[in-house]
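> I would like the atomic coordinates for the input below:
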Amino acid sequence: MPHRARPMTGMLMFIGVNMVLVNTISPVYDFVCFLPFWERRVLHSLSSSAFPA
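Model prediction:
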């Protein structure tokens, strides 16, 4: 082995990077999922294509 393995440092870095990613993706996920656009789209598709006149 050319270098010394540091499992504790690697684990802490892995957990830290995951925490940063989770903290940044949560607001984006909430914003995209709760947009009123999706409700309008579902209502529009139900009223226009589900029951053709």
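> can you give me the helices for the protein?
7-33, 36-45 (DSSP state H).
> Where among these is average confidence lowest?
For these, the weakest mean pLDDT is recorded on helix 36-45, namely a mean of 70.
> Pro7 versus Met13, what's the distance?
11 Å (Cβ to Cβ, to the nearest Å). All C-beta spots, glycine's among them, are computed from the backbone N, C-alpha and C.
> Can you pick out the residue with more neighbours from those two?
The neighbour count for Met13 versus Pro7, taken as other Cβ atoms under 10 Å, is higher for Met13 (11 against 7).
> Distance check, that one against Arg6.
9 Å.
> And Val28, by the same measure?
With Cβ to Cβ as the criterion, Val28 and Arg6 are 32 Å apart.
> Glu39 too?
Counting by Cβ to Cβ, the gap from Glu39 to Arg6 is 50 Å.
> repeat for Leu12
9 Å.
> cool, Leu35 as well?
44 Å.
> and if you look at Val20?
Counting by Cβ to Cβ, the gap from Val20 to Arg6 is 20 Å.
> confidence score at Phe51?
53.
> roughly how far apart are Glu39 and Thr9?
47 Å.
> Kindly report the same for Thr24.
For Thr24, the distance to Thr9 - Cβ to Cβ - is 23 Å.
> swap in Val28?
Taken as Cβ to Cβ, the span from Val28 to Thr9 is 29 Å.
> cool, and Phe31?
34 Å.
> do Ser26 as well
Ser26 is 26 Å from Thr9, by Cβ to Cβ.
> same thing with Val17?
Counting by Cβ to Cβ, the gap from Val17 to Thr9 is 12 Å.
> Please apply the same query to Trp38.
Taking Cβ to Cβ, one finds Trp38 at 43 Å from Thr9.
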